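Colleague: 3D model of this:
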Amino acid sequence: MNPAIAKDVLQQFADELLEASRTMVPVAPLRDRLEGMGLQDAYEIQEAQLRHHLAAGRVLAGRKVGLTSLAMQAQLGVDSPDFGFFFDDMVHHEDARIPAAGFIAPKVEPEFGFVLKEDLSGPGVTREHAAAAIGEVYAAIEIIDSRIANWDIRLVDTVADNASCGAIAVGRTPLPVAVEDLAAVECTLRINGEARESGTGAAVMDDPVAPLAWLANVLGEQGVALKAGQLVLPGSFTKALPVVAGESATADFGDLGSLTINFS
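Modeller: Predicted structure coming up:
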């Protein structure tokens, strides 16, 4: 395809996804609609949406890393994570009542939330650099959603769709845990109080700090730094579970604390 035409198609896809976010009407999968569509194309679509939102005055609150578990990577046939962004108006807190109608087909994932105490700029960020940049660790839940119809996604679809990010919930009180102990922390995902899934921090690329270093290096190659005060979600302890209005979701970290949100 002519490069100029391909660029127009990428912008068209970005516009379609922006419209889907507004109308809650999903779009057809993108992967078969542009011959040879690759990962870089998908990130260009994501970046076009980010520029649109920033131009509209929305404030970037942080980044999320996805596909950090071997199970999810195997499902999509990939061997690396992906990432997306979220704004401050997408961040909720403990006991929030979140309208389910604000999403197309929401699912929840229990995660850590890292608030950075210093900038993190790649390339060249090591695991030690990333660990030193973490200020506080919070309980978090990512609400993932797909602007792609029926969750019919492969890697380029979800990357273009902002790594399927819908919203974020994060606790107000830091978890009393050392960064070096994160891999051993256990978390249970509860729906309406019922334990449904559980895992440890080791499910997140064997070490929840590793996705943070990976993200800093990937963004660094684009000339973008993670900033002090930003929130980063490194990936889920468990597979995602769907939620509907009237249900609650809890990321239960046992003696360390928990975070519950409610869907109305």
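Colleague: mind listing the strands for this protein?
Modeller: Listed in chain order, the strands of the chain (DSSP state E) span 60-66, 82-87, 91-92, 97-98, 107-116, 134-144, 165-170, 186-191, 194-200, 231-233, 241-242, 248-252, 258-263.
Colleague: Dump the ones you listed to JSON lines, plus mean pLDDT and distance to residue 43.
Modeller: C-beta coordinates here come from the backbone N, C-alpha and C atoms, glycine included. Below are these laid out as JSON lines (pLDDT from 0 to 100; distance: least, CB to CB, whole Å):
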{"stretch": "strand 60-66", "mean pLDDT": "97", "distance to residue 43": "13"}
{"stretch": "strand 82-87", "mean pLDDT": "97", "distance to residue 43": "9"}
{"stretch": "strand 91-92", "mean pLDDT": "98", "distance to residue 43": "23"}
{"stretch": "strand 97-98", "mean pLDDT": "98", "distance to residue 43": "28"}
{"stretch": "strand 107-116", "mean pLDDT": "97", "distance to residue 43": "21"}
{"stretch": "strand 134-144", "mean pLDDT": "98", "distance to residue 43": "18"}
{"stretch": "strand 165-170", "mean pLDDT": "98", "distance to residue 43": "14"}
{"stretch": "strand 186-191", "mean pLDDT": "98", "distance to residue 43": "29"}
{"stretch": "strand 194-200", "mean pLDDT": "97", "distance to residue 43": "28"}
{"stretch": "strand 231-233", "mean pLDDT": "98", "distance to residue 43": "18"}
{"stretch": "strand 241-242", "mean pLDDT": "96", "distance to residue 43": "27"}
{"stretch": "strand 248-252", "mean pLDDT": "98", "distance to residue 43": "28"}
{"stretch": "strand 258-263", "mean pLDDT": "98", "distance to residue 43": "29"}
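Colleague: Identify whichever of these lies nearest to residue 39.
Modeller: strand 82-87 (8.4 Å; CB to CB).
Colleague: Grab the CA positions of stretch 209-229 and hand them over as CSV.
Modeller: C-alpha atoms of stretch 209-229 as CSV (Å, rounded to 0.1, in the frame of the first residue of the first chain):
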residue,chain,number,x,y,z
VAL,A,209,9.3,-4.3,38.7
ALA,A,210,10.4,-5.8,35.4
PRO,A,211,7.5,-4.3,33.4
LEU,A,212,8.3,-0.8,34.8
ALA,A,213,11.9,-1.0,33.5
TRP,A,214,10.6,-2.4,30.2
LEU,A,215,8.1,0.5,29.8
ALA,A,216,10.7,3.1,30.7
ASN,A,217,13.0,1.8,28.0
VAL,A,218,10.4,1.4,25.3
LEU,A,219,9.1,5.0,25.9
GLY,A,220,12.7,6.2,26.2
GLU,A,221,13.3,5.1,22.6
GLN,A,222,10.5,7.4,21.6
GLY,A,223,12.0,10.3,23.6
VAL,A,224,9.3,10.0,26.3
ALA,A,225,10.1,9.8,30.1
LEU,A,226,8.0,8.5,32.9
LYS,A,227,7.5,11.4,35.4
ALA,A,228,7.6,11.6,39.2
GLY,A,229,4.1,11.5,40.5
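Colleague: Identify the residue nearest the geometric centre of this protein.
Modeller: Among the residues of the chain, the one closest to the centroid is residue 64, at 3.4 Å (CA atoms, centre = their mean).
Colleague: OK, contacts around that one?
Modeller: 83-86, 142, 163, 165, 168, 232-233 (CB atoms under 8 Å, 6 or more residues apart in numbering).
Colleague: And for it, nearest residue in space, chain neighbours not counted?
Modeller: residue 233 (4.3 Å; CB to CB, 6 or more residues apart in numbering).
Colleague: Residue 251 too?
Modeller: residue 110 (3.6 Å).
Colleague: who's in contact with the one you found?
Modeller: 139-141, 187-189, 197, 236-238, 251-252.
Colleague: Thanks again, I'm all set now.
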